[in-house]
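Q: what's the 3D shape of this:
(one chain, ligands or ions: 1)
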Amino acid sequence: MAVIKVRKTGEVIQGHEHVSNFLQKQGVLYEHWDIHKLPEHLKNKFVLNDQEKEEILAAFKEEIEDLAARRGYKTWDVVALSDATPNLEELLKKFEQVHIHTEDEVRAIVAGHGIFIIKGDEQTGYFNVELEAGDVISVPEGNPHFFTLMEDRQVVAVRLFIDPSGWVAHPYEEKEEVVK
Ligand SMILES: [Fe+2]
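A: From the prediction side, this is the model:
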């Protein structure tokens, strides 16, 4: 289950109901997939060939099609990041800059971990959403955010798009003290 950390107060929010309520108030979609559907041989595998990526999409076909029907996604794929990813450091530097997209950014974590740092309402400010396998999140269109890995430095996620070109990152100017 996801854990929330509010950056300016240090408040930690956990437990499905509290996390769901918090994210709902912030306009962030949060759902859960049954991660036991992931084929055994793909658990803890962070370097994936095309066939293995297709296997992941097939394992969660029902969940993907349900989400797509509700929210208008047209295409989906699988992304894997780990220390085996060429240029991981450069990629992370890019991911760790505050940015926005012209469509929402939806990710279903199927292995490893990731953190979205999202700008909440004025009172809340930026908060971390620490995600583990089974967590599904969507950062709303136009909402400033960034992404990074956790201590394990590895993640596999399903991404869904209305139009992949909508996922281009547009930098968002933010004062450093506001993000911290
Ligand atoms: Fe993004």
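Q: Need the nearest residue in space to Thr75, chain neighbours excluded.
A: Phe161 (5.1 Å; Cβ to Cβ, 6 or more residues apart in numbering). For glycine as for every other residue, the C-beta is placed from the backbone atoms N, C-alpha and C.
Q: Tell me, how many residues neighbour the closest residue to Arg153 other than its chain neighbours?
A: What sits nearest to Arg153 in space, not counting adjacent residues and going by Cβ to Cβ, 6+ apart, is Asp83, at 5.8 Å. For Asp83, the neighbour count with other Cβ atoms under 10 Å is 12.
Q: could you say which helix or strand contains Asp83?
A: Assigned by DSSP states H and E, Asp83 belongs to no helix or strand.
Q: From Ala58, how far off is it?
A: 27 Å (Cβ to Cβ, to the nearest Å).
Q: Same question for Ile35.
A: Plainly put, Ile35 is 15 Å away from Ala58 if you go by Cβ to Cβ.
Q: higher neighbour count, these two?
A: Relative neighbour count places Ile35 above the other of Ile35 and Ala58, with 17 against 11, counting by other Cβ under 10 Å.
Q: Quick check: chain neighbours aside, which residue is closest to that one?
A: On the basis of Cβ to Cβ, 6+ apart, the spatially nearest residue to Ile35 that is not a chain neighbour turns out to be Gly134, at 4.0 Å.
Q: I am finished for the moment; much appreciated.
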